[in-house]
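Asks: When you get a sec, could you give me coordinates for this:
(chains A, B, C and D)
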Number of protein chains: 2
Amino acid sequence: MRSAAKKTAPTPEVAADRKKQILKAAVEVFAERGFHRTRVSDIAKRAGVAYGLIYHYFESKDDVLNCVFEENWSVFLKVLRDLEANPELAAAQKLRSIAALLIDALQIAPATIQVIIQEVSRSDRFVHTEKVHAFEGAFTVVRQIIEGGQRRGELRADLSAQVGAYIFFGALETICTGFMLGHIRCSTPEEAAVVKHTVELTLLHGLLDPKGAK
Amino acid sequence: MRSAAKKTAPTPEVAADRKKQILKAAVEVFAERGFHRTRVSDIAKRAGVAYGLIYHYFESKDDVLNCVFEENWSVFLKVLRDLEANPELAAAQKLRSIAALLIDALQIAPATIQVIIQEVSRSDRFVHTEKVHAFEGAFTVVRQIIEGGQRRGELRADLSAQVGAYIFFGALETICTGFMLGHIRCSTPEEAAVVKHTVELTLLHGLLDPKGAK
DNA sequence: TCTTCGACTGATTCGTCAGTCAACCATGAG
DNA sequence: CTCATGGTTGACTGACGAATCAGTCGAAGA
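Replies: Residues are numbered from 1 along each chain as shown, chains lettered A, B, ... in the order given. Purely as a prediction, here's the structure:
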């Protein structure tokens, strides 16, 4: 009981709890069936809540997806921005950290990652312009990291930071997909280390064997 | 008027033409609005054909998408397999060729690429298992190329070929996405060259500047 | 006790398409 | 000329699912 609230607080955080409860259920079913194939009634059922209540807390089905996205993406973006702004770290180290962040997140909250990657980054790209902007935010950070590294001579200057950032993100995104399909294992710290190591070698050092005969 | 047909050719290839005509229209509208948001009537309208005729040539709306996919993917896959089997080429060269193939295709048939990437590779992954298999085909080829390169000492042996293949494909996929969003320009040979060059440097040589201070 | 307020319910409404089908030509054969 | 064949048409139907809304219930305040 949250009796502490003065007279004007009948349900202080109950509402917040309910909303979270619904969001949690939504993430689960979205991850299982995909946004388009889940009915609002599926979310309600999973949350153990009446159909109509969804519309008490959310504008629409789309709004539910938006909330899932915004709640998580803003956190991710903040971490990214902090990383980028840190002058102590080399560009390579920043990129490594981002990759590690995502790969670790896969173990902690696979469903959430899956929903964001599959349902938000993709679906109806041209309708939800705001989401494209959100992605651009993260994307810009990576581009800036690369550009910074190039200026300081840490990274190759003779490539497009723009395209490089796309490659970096694309690599991570597809690893997430591979994980979801069960093709890439990274559920244990050891497996995750292999993946991180491969990302580092491939993107930072290159696939070519430096000792290799040309 | 197609009066040319002799007596025994009422509709020999007219049917094939019609089918192509519908497929072409379908690719266009799928690219514009996405599979889910296009109505069958949109396809019909674009093709300048009656609604019902779609169902004369195709089982269902899904079947239309399938045909788009299969017609193009099989071609792509064949090229990939031929590349992989060529003992003349170094692994790096094979990977370069694949990247070039895709980047060039972006200029020739952007809508087709877009549909395959956006609508097939993504949507309803777990429903259309056949498509996952198809993708695995291409994906396996890349993994084999990497493994071959590793065996011959051309590529680093201390990384997961599986994950590497995912990174490679992910990079290319996202470049396509960037192109579709208008963020990556590669419509002229010069622009395409920049992109190819960046792919090569990033994935084969690594982002790190070899001269860079550690 | 009575009233208010808002969380909560779920049957109903309403729009949207995918897919069907009966009728319509055009052509070629008898 | 007549019939048959098969491509072609588009109005129609049936299902599905998002969103609504009239109403229930319980707790807090008067």
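
Asks: got a pLDDT number for the residue nearest the centre of chain A?
Replies: Central residue of chain A (Cα atoms, centre = their mean): residue A:113, 5.1 Å from the mean position. On the pLDDT scale, residue A:113 is placed at 95.

Asks: that's a strand at residue A:36, yeah?
Replies: No. Applying DSSP: H, G, I helix; E, B strand; the rest coil, one finds residue A:36 to be coil, outside a strand.

Asks: Count the residues that sit near the residue lying closest to it once chain neighbours are set aside.
Replies: Nearest residue to residue A:36, sequence neighbours excluded (Cβ to Cβ, 6 or more residues apart in numbering or on different chains): residue B:36, at 5.8 Å. All C-beta atoms are positioned from the backbone trio N, CA, C, and that covers glycine. Applying other Cβ atoms under 10 Å in any protein chain shown, we find 14 other residues in the vicinity of residue B:36.

Asks: now residue B:36: how far from residue A:199?
Replies: Distance, residue B:36 to residue A:199, using Cβ to Cβ, to the nearest Å: 32 Å.

Asks: that older thread, hmm, residue A:176 and the residue nearest to the centre of chain A touching each other?
Replies: Yes. Residue A:113 is within contact range of residue A:176, at 5.7 Å (criterion: Cβ atoms under 8 Å).

Asks: Overlap of the contact sets of these two?
Replies: Applying Cβ atoms under 8 Å, 6 or more residues apart in numbering or on different chains, one finds that residue A:113 and residue A:176 are jointly contacted by A:102, A:106.

Asks: quick one: low-confidence ranges for chain A?
Replies: Filtered on pLDDT under 70, chain A yields the residue ranges A:1-15, A:120-128, A:212-214.

Asks: How is it partitioned into domains?
Replies: Domains of chain A are assigned by automatic domain parsing as A:7-58, A:60-205.

Asks: Residue A:192: what's it in contact with?
Replies: Contacts of residue A:192 by Cβ under 8 Å, 6+ apart are A:103-104, A:106-107, A:186.

Asks: quick one: what helix or strand has it in it?
Replies: If you go by DSSP states H and E, residue A:192 is part of helix A:189-199.

Asks: For the helix or strand harbouring residue A:27, name the packing helices and strands.
Replies: Using DSSP H and E, residue A:27 sits in helix A:14-33. On a contact count with 3 or more Cβ pairs under 8 Å, 6 or more residues apart in numbering or on different chains; DSSP states H and E, helix A:14-33 meets helix A:40-47, helix A:51-57, helix A:61-85, helix A:110-114.

Asks: ranking the ones you listed by burial, who's on top?
Replies: Across the helices and strands packed on helix A:14-33, the average number of neighbours (mean count of other Cβ atoms under 10 Å in any protein chain shown) peaks for helix A:110-114, which reaches a mean of 19.

Asks: Does chain B have contacts with that helix?
Replies: No. Contact of helix A:110-114 with chain B (Cβ under 8 Å from any Cβ of the partner chain) is absent, the minimum separation being 10.0 Å.

Asks: before we move on, the earlier item: including distance to residue A:132, could the helices and strands packed on helix A:14-33 go into TSV?
Replies: As requested, the helices and strands packed on helix A:14-33 are arranged in TSV below (distance: least, Cβ to Cβ, whole Å):
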stretch	distance to residue A:132
helix A:40-47	25
helix A:51-57	26
helix A:61-85	12
helix A:110-114	19
